[in-house]
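Engineer: I'll drop the sequence and a predicted model, then ask my questions.
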Amino acid sequence: MKKLILASAVSLALTGVASAAEDDGSGTYQFDTKGDHQFIMFKISHLGYSWLYGRFNEFDGQFTYNAENPEKSSVSVTIDTASVDSNHAERDKHLRSEDFLYVDKYPQASFKSKRIEMQGDGEADIIGDLTLRGVTREVTLDAEMIGHGADPWGGYRMGFEAETELRLKDFGIPMDLGPASETVDMIISVEGIRQ
């Protein structure tokens with residue numbers, strides 16, 4: 001009898017492991033704002049002599065992942081532009097002004113995907129509308145799935161990283177920083193919790 005109970009317990013445990021291993025990750029994920037496992041960072045040339053780095057500290061979003069048809073996945077993000085942080089208070093004040101983000105008039109930026117084109121090896125182009133400083137333009141994010149699986153708290157997580165390059169003038173930013181600083185590189189790294 002003991003052997004039968006033990007065998008049943010082992011069988012159930014192995015079935016659970018197999019089920020977990022078969023989870024393809026499909027579902028809707030909310031960005032992990034509580035644990036702050038997310039970053040929207042940027043870098044821009046300073047006069048062609050060095051790189052200036054910064055980030056947005058406050059943003060939220062979600063993505064839906066469809067493992068069988070990844071092209072049907074989607075993502076949406078909302079950013080609090082006043083949360084810009086370049087590790088220098090006076091510079092951040094300038095970045096929030098009319099010369100750059102104009103946060104008093106445009107307190108939010110957003111991105112909403114329109115389509116996804118798979119590139120293989122977990123990489124994809126996410127094409128969508130970015131609205132920044134009141135201007136909406138189509139941009140392409142070069143995205144890569146980092147991984148997915150169960151977390152230690154009973155949930156399920158998935159993470160992506162993406163990059164894109166933006167031209168300041170395309171979004172109505174009037175400040176001229178010189179030819180070396182016409183574009184800014186954006187790096188987005190997010191971890192979502194399946195709902």
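Structural biologist: Arrived safely.

Engineer: now the element after the longest strand seen in the chain, going C-ward?
Structural biologist: Determined from DSSP state E, the single longest strand within the chain is strand 135-150. Toward the C-terminus, strand 135-150 is succeeded by strand 156-167 as the next helix or strand (DSSP states H and E).

Engineer: pairing partners for that next one, with directions?
Structural biologist: Here strand 156-167 is paired, per DSSP bridges, with strand 135-150 (antiparallel), strand 183-194 (antiparallel).

Engineer: what's in contact with the longest one?
Structural biologist: Applying CB atoms under 8 Å, 6 or more residues apart in numbering, the contact partners of strand 135-150 are 20, 23, 25, 65, 111, 114, 122-130, 156-164, 166, 170-172, 188-189. In this view, the C-beta of every residue, glycine as well, is placed from N, C-alpha and C.

Engineer: strands of this protein, start to end?
Structural biologist: For the chain, strands defined by DSSP E occupy the ranges 27-31, 38-46, 50-56, 59-65, 74-80, 84-85, 108-120, 123-132, 135-150, 156-167, 183-194.

Engineer: how close does the residue nearest to residue 78 when sequence neighbours are not counted get to residue 128?
Structural biologist: Spatially, and ignoring its direct neighbours in sequence, residue 78 is nearest to residue 110 (5.0 Å; CB to CB, 6 or more residues apart in numbering). From residue 110 across to residue 128, the span is 10 Å (CB to CB, to the nearest Å).

Engineer: likewise residue 179?
Structural biologist: 28 Å.

Engineer: neighbour count: these two, which is higher?
Structural biologist: residue 128 (19 against 9; other CB atoms under 10 Å).
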